[in-house]
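J.: Sharing a model prediction with you, sequence too.
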Amino acid sequence: MKLNSPLQVYKYLLKINCGKCGEKTCMAFASRLVDRSKKIGDCQILLQDKEKFLQLAELLAPEIREITAGVGDRKVRIGGDDVLHRHQLTFFNPTVLAYDVWDTMEEVALIERVKKISEFKKFYVGHYLKLDMIAVRSTGESAAKFKSCVEKVTEVSTLPVMLCSFDPTVLKAGLEVCADKKPVLYAATKDNWEQVSKLALEYRVPVVLFSEGDLDSLKTLAVTFNRLGINDLILDPGTYPKGAQLKSTFENFIKLRRAGIKESQKEIAYPIMAAPITAWMIGSDPTLTSYLEAALASIFMIKYADIMLLHSIEPHALLSEVYMRETMYTDPRTPLKVDSGVYKIGNPTKDSPVIATSNFALTYYTVESDLSSGRIDCYLASVNTDGIGVEAAVAGRQFTAVRIKETFDEAGFDFKEKTSHNTIILPGLAARLQGDLEDVMGIKVLIGPVDSNQIPGWMDKNWL
Amino acid sequence: MSKKLTLAEVIELLNNVEIEALEGVTFEGDIEIEIDESVMNFREEANKLIESRFAVGTVKEWTTAIEEVTIGATPANGGTRGHAVTIGGEKALPYYFDSEMKNPTCVVAIDVFDMPIQLAKSVRTSYEDVMESPSDWAKKVVSEYHADMIALHLISTDPKRKDASASEASKTVEDVLQAVDVPIIISGSGTHKKDPEVLEKAAEVSEGERCLIASANPDNDYERVARAANQYGHVLLSWTQLEINAQKELNRKLIKHCEVSRDRIVMDPTTAALGYGLDYAYSNVERIRLAGLTGDKELNFPTLSVSSNAWNAREAWMISSPLKEDSNWGEREHRGLIWEAATGFALALAGCELFMMMHPGSAQLLKKITRMLGGSINEEKTDLSNWITKLII
């Protein structure tokens, strides 16, 4: 964004501190606009002054254009970044992960694959990691075949779709059955751009521009489309899956993003697409190819793909992909912690165990999910360790007998009243706190396993 | 610039911009309309591409090179290693075009332990036959798994394990140096009290081999470790826990107080596994590297990642998800391999050049991809022009 300090933004606000946006002062609102945790639409007064509103909106727009695809709950935002390194602010809008189906698939296999993609989920830190998009790939057989494939996919799934063909008649056939679902068109090239630009204008959908390894012609396409009034653009500079061309692909991604953010070259400041799926042009062994594809996915998720086209839906590939995306797009400004306190898991009684862990979100949710899936009714205390994991917090003295006591005191949890056993279970990695804790709290302290997935087995042996 | 138009020309013009009719408009007498020339050229421009050139600059702020550090000494330099490994020397982020990458940007040391240790099943299968003998273990990772280096972990000295003495452990160091001729990393057991003594003895018996001694850290007697590394001609690992300022402080102490020379420091700012703090570790390493490149002389050292940490992630080793709501986790053999490699990719791009790894497949994948990114693998160019229809599936 062009304005990067709250003071600069403040000048454009009304300075009346009305509080309707939820902030106490206009200055506070200005800093929320700068860190992008609030939108200018949250200021009701500014909304009434259209000219001023639009002026500020323009100045606050992210360096990389943000576009949307799909409709409803699973709608996605693509692009919208403002920095080259996540620690400088945060990366916005996690890389959209699109997996392919193709128009010669048998209907049963097609439906099964679409469902697998749509329904994939992996629990992580209190929420589920999911996949975002289905790319329907034309094998070149016929427009009619493509059309019926798109129809079937959009019938079975609510995920946004990407229509993939270099043939405008095929793309048009796809658009005819799903334009209202705001699909992404893949792709316009130097050869088909005239017809594809017409489709993008007619159906008002985002379009990917593809140019194989050539940034001059990619920019040529972007400038031309922009002149035609098409701004929802995504750039695909081509993803070469191997050799020295992989190096040039990597460099192209860096160049495009640097031009967009560091040099504010607006003509090229669009989201970027990577296609690790091209690994499947060279590989013959499916396992090795899925490794290569997952490797490329990692590389380009880190630098700087906003949307990505993939093939393998083997769990090992999917898990590493959704985790790497989470890694890059977790907001570094907010520590990953849960509120400290004493939580009920299941329906604990006076005989149920009381277990302590850290308030590092990853630790807490891992322990919590192990306990719930092991069907262990208990109290789980999330001790305030400043969001640090058990092992490091024991070493760094954020996980101490005093902190544990404070957590129970603040939660109003009295062992004598709430339990019949006056006992707490500490994580194996915090074993050294045992003596201290017994002294400080006057309760019995048991040492649990090192990994919480062993709690159910441990309970069978140690808890009657 | 403006032109005078006749009404007929106006209608023609409106046709061109695809406006079919004007509503509620009447003309009386002559009219003059000013129209921007770019609109007049609209149709013409839409018929052909607007040729453009792309250009972008290099990063001027990267003024300082990362120190070059050599690990291992050949006979010419007073050691017995078959080759030495030099890392560092970069003047840009890894694989960036701003500056040539001078040395290999990804060197893999495979872990060897001095006693049998509990390992994830997918890793254990590779080492089951050599676990009783550290020198056989070392030989295997060099000859079969093409490790660039060995990372020898003297965990038997841990009082909670065998509590082996420093002299016993140093015997293993000698054996391993005999068994293989690659450069080695000598690591203690991570016991702050005992490591300095163990590392001192190990440094003594490997004098002149220019090993990487792991480690000096704020919680142990780093002065003693540094002294030993200096005295016997080794390189020192400066290890801190995920905190850029702690790393800076330790490096400063090593240079100023312990007189470790700048070409003998490698950093380990702690690197966590994918899904288990990698987000934080990635940014910590990236910040350290950017600080080094932009002139912070207390942070411009080559960096080590213990990517084998990935095997602590349950997604790497568990046979299946403990949660029934999760989609199927698939085969753990594949999952673990990718987990360790992916952890490595992220850290390789953040700024690490030396990696401790465990799974031969992960090590191979990391090396292969990073060599491609470095431009040193020439293969036939893939033709992407019709890729949509040309996949082998």
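T.: Perfect, I can see it now.

J.: Now for residue B:71, how many residues are close by?
T.: Residues near residue B:71, counting by other C-beta atoms under 10 Å in any protein chain shown, number 27. For every residue, glycine as well, the C-beta is placed using N, CA and C.

J.: show me what contacts the closest residue to it other than its chain neighbours?
T.: Residue nearest to residue B:71 in three dimensions, not counting chain neighbours: residue B:183, with 4.5 Å by C-beta to C-beta, 6 or more residues apart in numbering or on different chains. Counting by C-beta atoms under 8 Å, 6 or more residues apart in numbering or on different chains, residue B:183 makes contact with B:71-72, B:81, B:83-85, B:148-150, B:209-212.

J.: now, which of those lie within strands?
T.: Using DSSP state E, B:71, B:85, B:149, B:150, B:212 are the members of the contacts of residue B:183 that sit in strands.

J.: Neighbours of the nearest residue to the fourth one once chain neighbours are set aside, how many?
T.: Residue nearest to residue B:150 in three dimensions, not counting chain neighbours: residue B:184, with 4.6 Å by C-beta to C-beta, 6+ apart. By other C-beta under 10 Å, 26 other residues sit near residue B:184.

J.: Tell me how far the lowest-mean-pLDDT helix or strand in chain A lies from the chain's centre.
T.: Least confident helix or strand of chain A, by mean pLDDT, DSSP states H and E, is helix A:390-395 with a mean of 84. Chain-centre distance of helix A:390-395: 28 Å, with C-alpha atoms, centre = their mean, to the nearest Å.

J.: just stretch B:209-224 next, same as before
T.: For stretch B:209-224, the distance to the chain centre is 22 Å (C-alpha atoms, centre = their mean).

J.: For it, buried residues please.
T.: B:209-218, B:220-222, B:224 (16 or more other C-beta atoms under 10 Å in any protein chain shown).

J.: Assess the claim that residue B:389 and residue A:141 are in contact.
T.: No. With contact defined as C-beta atoms under 8 Å, residue B:389 does not reach residue A:141; the gap is 9.1 Å.

J.: Relative to chain A, how far out is the residue nearest in space to the middle of chain B?
T.: Central residue check for chain B by C-alpha atoms, centre = their mean: the C-alpha nearest the mean position is that of residue B:348, 1.6 Å away. Using C-beta to the nearest C-beta, to the nearest Å, we find residue B:348 at a distance of 9 Å from chain A.

J.: What strand or helix carries residue A:123?
T.: strand A:122-124 (DSSP states H and E).

J.: sorry, back to before: name the nearest of the contacts of residue B:183 relative to chain A.
T.: The shortest approach to chain A among those belongs to residue B:148, at 19.0 Å (C-beta to the nearest C-beta).

J.: Any part of stretch B:323-343 near chain A?
T.: Yes. Shown here: stretch B:323-343 in contact with chain A (C-beta under 8 Å from any C-beta of the partner chain) through B:323-331, B:334-335, B:337-339, B:341-342.

J.: Which parts of chain B are helices?
T.: Ranges of helices in chain B, per DSSP state H, are B:7-16, B:37-40, B:42-46, B:121-127, B:134-143, B:166-179, B:195-205, B:222-231, B:244-256, B:278-293, B:314-317, B:332-350, B:360-373.

J.: do the same with the stretch 1-150 of chain A
T.: A:6-10, A:26-34, A:44-47, A:50-60, A:107-119, A:143-156 (DSSP state H, counting those that start in this stretch).

J.: if you skip the residues just before and after it, what's nearest to the residue nearest the centre of chain A?
T.: Closest to where the C-alpha atoms of chain A average out (C-alpha atoms, centre = their mean) is residue A:94, at 3.7 Å. The spatially closest residue to residue A:94, leaving aside those adjacent along the chain, is residue A:329, at 4.1 Å (C-beta to C-beta, 6+ apart).

J.: which residues touch that neighbour?
T.: Residue A:329 neighbours (C-beta under 8 Å, 6+ apart): A:86, A:90, A:91, A:92, A:93, A:94, A:95.

J.: Of those - the most surrounded one?
T.: residue A:95 (27 neighbours).

J.: Settle this for me: that one is touching residue A:309, isn't it.
T.: No. Residue A:95 is beyond contact range of residue A:309, at 10.9 Å (criterion: C-beta under 8 Å).

J.: thinking again about what came up before, how much space separates the residue nearest to the centre of chain A from residue A:51?
T.: 34 Å (C-beta to C-beta, to the nearest Å).

J.: hang on, residue A:165 packs against residue B:387?
T.: No. Contact criterion C-beta under 8 Å: residue A:165 and residue B:387 do not qualify, at 11.4 Å.

J.: Disregarding residues adjacent in the polypeptide, which is nearest to residue A:2?
T.: Per C-beta to C-beta, 6+ apart, closest to residue A:2 is residue A:59, 4.7 Å.

J.: State the distance from the one you found to chain B.
T.: Distance from residue A:59 to chain B, by C-beta to the nearest C-beta: 24 Å.

J.: which residues sit in contact with the residue in the stretch 251-400 of chain A positioned nearest to chain B?
T.: Closest approach between the stretch 251-400 of chain A and chain B, counting by C-beta to the nearest C-beta: residue A:315, at 3.0 Å. Residue A:315 makes contact with B:327, B:328, B:329, B:330, B:331, B:335 under the criterion C-beta under 8 Å, 6+ apart.

J.: Quick check: phi and psi at it.
T.: Backbone torsions of residue A:315, given as degrees, to the nearest 10, read phi -50, psi -40.
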